[in-house]
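Q: this is the structure alone, sequence omitted:
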Ligand SMILES: Nc1ncnc2c1ncn2[C@@H]1O[C@H](COP(=O)(O)OP(=O)(O)OP(=O)(O)O)[C@@H](O)[C@H]1O
Ligand SMILES: [Mg+2]
C-alpha cells in the first residue's frame, strides 16, 4: 500500500487559539517501505500518524492509500479507521489487563467475528513471529515491559493490516531491550513487507530502522530522505544538528574571494574550499555563514598552521573506542571525536577540518 500526504494540514482550535499541529506536509510513502517520522516533542508526529489512521481529520490537503482518497476536506471525503485496514501500536501498550495474552492478541479478530479455528491459528502465528508463544496464558501484569510491547505488536499484526502505524513503541523499554526489539521489528517488517510509519524522537532509532526518514519541526516538514541523505546532505542547521550524535559543529564563518580563489575564514583559520563547494560559497559572500563539520571529521594537529583553529580542551568524555573532546576556541565551542588517548584538559590543541566534509549554511538555512 502506498501512502500519500498532499499538502496536509491539521489545525486544532483550542481555548487559547489555533494550534497548527501539522502544516502543509507532503510525503509519499512507498509500498512496503519502513518510513520513520522524526522530530522533537510537540512537532506533530503523533498528529500525522493519527491523520493516517483516521483518528483525526485533516483541515486541509488530501491523504491517499494507493489511489483511493481516504481524507480530503475539500472533497468532503473521510474514511473512518475501520475502513482503512491500518493497525496502530502506541507507546503505552494499551493491553486489556483482565485478558490473557492469547485473548489480547485475538481481540481484533473476535471483533471482526472470525472463526475460532482461524483465530487460534492466526494468534499462534503472530505469537511465534514475536517469540511470545510460551506466554499465551499469562495476564499483562505478569509480563515485562518488552514482553508487553511484543504482545501489542502481535495484536496489531494479527489482522494482517495493509499499513502499520507505530507511535514511539519502544520508548518505555530499557536501552538493551530497545536495541534488541528494534532489530526484531526491522526483520519482521522486512519479512511481512507491510508499509510502516514509525514515529520516534530518537535519531538513532530513525536512522537504524528507516528506509527513509522525514524530519519534522513545528508541524512542518524540514527534510525527507534516506538515512544517508539526511546525514550527508542536511538542508538546514536544524537537520544537521538533530541527526547524528554527537551533533554537527556549527562555526561562524566568512566567505572570501581572493585572486579568484574562494576561501572560508573562521576564528584564526582559513580554508580553501574544494571546487564543488565554491559555487554555493560564492552565493554566500557578505552573508552570515555557518560552517558545519561533524565531530568525526575534525582532526587534531600538534602544530598551528594557517588551516588550523587553536583552542583548549575543556572536557574529555571517554566513549570506549573513542573519546569526545570539548574544545573551546576564540570563535566557538567544538566537539571532536578522536582515538587519541593521551590528551588532558586545559591542554592547548590545534584542530583541522576536512574541507571535503564541510557544509555551508546561509542565513536562509539556519535554525529552520
Ligand atoms: N487534541 C489536541 N488539541 C489541541 N492541540 C493539540 C491536540 N493534539 C495535539 N495538539 C498540539 O499539536 C502539537 C503537535 O502535537 P503532537 O502530539 O502531534 O506532537 P508529537 O510530535 O507527537 O510530540 P511528542 O513527541 O511529545 O509525542 C502540539 O503543540 C500539541 O500541543
Ligand atoms: Mg507523540
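A: That came through fine. A quick note: this is a predicted structure, and the numbers were derived from the prediction, not measured. Ligands and ions are numbered 1, 2, ... in the order given.
Q: so is residue 190 in a helix, a strand, or just coil?
A: With DSSP: H, G, I helix; E, B strand; the rest coil as the basis, residue 190 sits in helix.
Q: looking at the stretch 151-300 of the chain, which residue is nearest ligand 1?
A: Relative to ligand 1, the nearest point of the stretch 151-300 of the chain is residue 201 (5.0 Å; C-beta to the nearest ligand atom). (C-beta placed from N, C-alpha, C; glycine too.)
Q: now the element after the helix or strand bottoming out on mean pLDDT in the chain, going C-ward?
A: Within the chain, no helix or strand scores below helix 175-192, which has a mean of 84 by mean pLDDT, DSSP states H and E. Going down the chain from helix 175-192, the next helix or strand is strand 195-200, by DSSP states H and E.
Q: need the contact partners of that next one.
A: For strand 195-200, contacts defined as C-beta atoms under 8 Å, 6 or more residues apart in numbering pick out 1-3, 29-38, 45-46, 48-49, 52, 162-171, 189, 206, 209-210.
Q: what's the answer for stretch 296-315, then?
A: When contacts are defined by C-beta under 8 Å, 6+ apart, stretch 296-315 is touched by residues 249, 266-271, 325-331, 333-338, 340, 343-354, 357.
Q: from those residues, list the buried ones, please.
A: 249, 266-267, 269-271, 325-327, 329, 331, 334-338, 349-353 (16 or more other C-beta atoms under 10 Å).
Q: so which bits of the stretch 1-150 of the chain are right by ligand 1?
A: Contact residues (C-beta under 6 Å from any ligand atom) of the stretch 1-150 of the chain with ligand 1: 12, 14, 19, 21, 39, 41-47.
Q: of all those residues, which two lie farthest apart?
A: Using C-beta to C-beta, those reach their maximum pairwise distance at 14 and 39, which is 20.7 Å.
Q: so those two - more neighbours on which side?
A: Using other C-beta atoms under 10 Å, the more surrounded residue of residue 14 and residue 39 is residue 39, with 26 against 8.
Q: and that one, what pLDDT?
A: pLDDT recorded at residue 39 is 97.
Q: what's it in contact with, if anything?
A: 45, 201, 215-217, 222, 242.
Q: leaving out chain neighbours, which residue sits closest to it?
A: Excluding its sequence neighbours, the residue lying closest to residue 39 (C-beta to C-beta, 6 or more residues apart in numbering) is residue 216, at 3.6 Å.
Q: pull out the buried residues from the helix or strand where that neighbour lies.
A: Assignment of secondary structure by DSSP H and E places residue 216 within strand 212-217. Of all the residues in strand 212-217, those buried under the rule 16+ other C-beta under 10 Å are 212-217.
Q: how about stretch 354-361?
A: By neighbour count with 16+ other C-beta under 10 Å, stretch 354-361 contains the buried residues 358-361.
Q: what of stretch 174-187?
A: Applying a neighbour-count criterion of 16+ other C-beta under 10 Å, the buried positions in stretch 174-187 are 177-178, 181-182, 184-186.
Q: what do you get for stretch 256-269?
A: Here stretch 256-269 shows 262-267, 269 as buried, counting by 16+ other C-beta under 10 Å.
Q: now distance to residue 57 too, for those residues, in TSV please.
A: Output for those, formatted as TSV (distance: C-beta to C-beta, whole Å):
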residue	distance to residue 57
262	51
263	54
264	49
265	53
266	49
267	52
269	54
